[in-house]
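Asks: sequence first, predicted coordinates after that:
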Amino acid sequence: MSDETKPADDKADAFETEAKKTEAGKPAATKPAAGKAEGAPSEKDLASVERLQKAYRELRAEMGKAIVGQEDVLEQLLICIFARGHGLLIGVPGLAKTLMISTLAKCMNLSFSRIQFTPDLMPSDITGTEVLQEDKTTGERRFQFMRGPVFANIILADEINRTPPKTQAALLEAMQEHQVTAGGTKHTLEQPFFVLATQNPIEQEGTYPLPEAQLDRFMFNIMVDYPTADEEMRILELTTSIQDAELTTVLEGEEIQRLQDIVRRVPIAEHVIRYAMDITRTTRVATDEAPAFVKELLSWGAGPRASQYLILGGKARAVLHGRYHVSTEDIAAVARPVLRHRIITNFSAEAEGETPDKIIDRILKHVPAKGGKTAVATS
């Protein structure tokens with residue numbers, strides 16, 4: 001017998017001995033508990049899912065004290081946060097985008113910084129700068145890093161398209177690496193960390209459109225639409241009288257991080273992963289998977305990060321709705337905010353009045369879910 005076969009024989013002997021103990025009425029330590037299927041979620045995970053769903057309901061209730069309507073926007077914001085993503089909110093002025101983000105920070109008891117982007121804003125105004133300090137006792141001079149407003153849990157990048165590209169790019173390292181480098185030294189950002197940016201879609205003069213590379217860093221592109229007539233009536237009643245909403249803290253930073261881990265652990269079936277991948281690959285005009293209408297209306301499609309965010313968004317949405325599994329409906333529900341800033345329409349699309357959302361809806365009808373069914377986008 002060679003030395004290479006001995007470990008295998010030893011394992012076989014050990015397994016046989018353990019089996020005999022089990023048959024004799026002495027259960028093996030690795031035997032699964034009765035009634036629990038292999039791979040099933042633990043009681044701790046299920047309790048965490050229940051806690052996250054409860055926190056989701058409480059957050060929406062608390063934010064409802066200050067924000068009227070915008071239910072889909074609030075859900076997409078929370079999906080971003082629990083999936084460890086960043087969000088870009090696009091809407092005309094006066095739709096409470098800034099108030100929504102600051103209210104969310106208060107309900108989560110997180111540190112909050114608002115950065116108003118202007119044409120004269122410099123990168124160091126965001127990240128911080130090295131300042132020469134003198135020790136009065138020794139007379140020694142040295143550089144000390146003074147932290148900028150990016151060192152907070154939630155960053156509101158207000159009107160992010162109003163500042164030059166070099167300042168916009170100052171957020172790239174923070175968003176992707178969760179750190180800032182200054183003077184050759186890396187400074188780690190406090191966790192959890194989110195960048196929630198706003199953008200006005202109707203003003204083009206004096207703006208600097210975000211490059212596609214930076215747009216891709218945002219998990220969701222969230223469209224903030226006008227309120228309904230009833231919602232606007234309620235807004236007028238609340239904002240033109242003396243009413244000060246008292247907000248209650250729902251979650252703390254450490255618990256948010258634990259719940260983010262739960263979202264990552266949510267199991268997902270292979271056919272759901274393939275469904276997310278097929279949606280993304282359908283947008284790529286140079287591939288065989290792209291249908292004729294995609295090749296006609298798009299210049300560029302989405303990259304692999306879109307598939308990643310479809311899956312993470314689907315996981316977060318499933319948990320927020322109290323489910324410990326992801327369905328194709330969850331993937332379809334987050335398709336619009338994930339893809340609308342990752343597909344680039346051409347002149348033909350603009351001439352025919354085809355918007356990114358309309359094209360995404362057509363893609364969802366084109367890509368079949370399991371069993372030949374077609375999932376319907378709900379966001």
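Replies: Noted; the coordinates are in hand.
Asks: quick one, helices of the stretch 51-200 of the chain?
Replies: Assigned by DSSP state H, counting those that start in this stretch, the stretch 51-200 of the chain shows helices spanning 71-82, 97-107, 123-127, 165-168, 170-177.
Asks: now do the host helix or strand of Ala47 against helix 71-82, angle only.
Replies: Here Ala47 is covered by helix 43-63, with elements defined by DSSP states H and E. Angle between the axes of helix 43-63 and helix 71-82 is 140 degrees (criterion: axes from the mean of the first three to the mean of the last three CA atoms, to 10 degrees).
Asks: which parts of helix 43-63 are buried?
Replies: Asp45, Ser48, Val49, Leu52, Ala55, Tyr56, Leu59, Arg60, Glu62, Met63 (16 or more other CB atoms under 10 Å). In this view, the C-beta of every residue, glycine as well, is placed from N, C-alpha and C.
Asks: pick the most deeply packed of the helices of the stretch 51-200 of the chain.
Replies: helix 71-82 (a mean of 23; mean count of other CB atoms under 10 Å).
Asks: helices or strands next to that one in the packing?
Replies: helix 43-63, strand 87-90, helix 97-107, strand 194-199, strand 220-223, helix 253-265, helix 304-320 (3 or more CB pairs under 8 Å, 6 or more residues apart in numbering; DSSP states H and E).
Asks: so what touches the third one?
Replies: Translated: helix 97-107. Counting by CB atoms under 8 Å, 6 or more residues apart in numbering, helix 97-107 makes contact with 59, 62-63, 66-67, 70, 73-74, 77, 81, 89, 91, 111-112, 114, 153-154, 156, 158, 196, 198, 224, 247-251, all of which sit outside it.
Asks: now for the helices and strands packed on helix 71-82, which one comes closest to Ala290?
Replies: For Ala290, the closest of the helices and strands packed on helix 71-82 is helix 304-320, at 14.2 Å, according to CB to CB.
Asks: and the closest one, average pLDDT?
Replies: Helix 304-320 comes out with an average pLDDT of 94.
Asks: tell me the helix or strand right after that helix.
Replies: Using DSSP H and E, the first helix or strand after helix 304-320 is helix 328-333.
Asks: turn the helices and strands packed on helix 71-82 into a markdown table, including distance to Ser348.
Replies: Shown next, in a markdown table, are the helices and strands packed on helix 71-82 (distance: least, CB to CB, whole Å):
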| stretch | distance to Ser348 |
| --- | --- |
| helix 43-63 | 40 |
| strand 87-90 | 23 |
| helix 97-107 | 32 |
| strand 194-199 | 25 |
| strand 220-223 | 22 |
| helix 253-265 | 39 |
| helix 304-320 | 22 |
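Asks: Pro356 is nearest to which of the ones you listed?
Replies: That would be, of the helices and strands packed on helix 71-82 and by CB to CB, strand 220-223, which comes in at 8.8 Å.
Asks: picking up where we left off before, now the helix holding Ala47 and helix 253-265, what's the angle there?
Replies: Going by the same axes, to 10 degrees, helix 43-63 makes 120 degrees with helix 253-265.
Asks: and helix 43-63, what's its mean pLDDT?
Replies: 82.
Asks: does anything pack onto it? Which helices or strands?
Replies: So helix 43-63, by 3+ CB pairs under 8 Å, 6+ apart, packs with helix 71-82, helix 97-107, helix 253-265, helix 304-320.
Asks: pull the distance from that helix to the chain's centre.
Replies: 17 Å (CA atoms, centre = their mean, to the nearest Å).
Asks: got JSON lines for the helices of the stretch 51-200 of the chain, with distance to Arg305 too?
Replies: Shown next, in JSON lines, are the helices of the stretch 51-200 of the chain (distance: least, CB to CB, whole Å):
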{"stretch": "helix 71-82", "distance to Arg305": "14"}
{"stretch": "helix 97-107", "distance to Arg305": "23"}
{"stretch": "helix 123-127", "distance to Arg305": "23"}
{"stretch": "helix 165-168", "distance to Arg305": "18"}
{"stretch": "helix 170-177", "distance to Arg305": "11"}
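Asks: dump these to a markdown table, plus distance to Ala213 and mean pLDDT.
Replies: Shown next, in a markdown table, are those (distance: least, CB to CB, whole Å; pLDDT from 0 to 100):
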| stretch | distance to Ala213 | mean pLDDT |
| --- | --- | --- |
| helix 71-82 | 19 | 90 |
| helix 97-107 | 24 | 85 |
| helix 123-127 | 16 | 89 |
| helix 165-168 | 10 | 86 |
| helix 170-177 | 8 | 84 |
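Asks: can you say which of these is nearest to Asp361?
Replies: helix 71-82 (15.1 Å).
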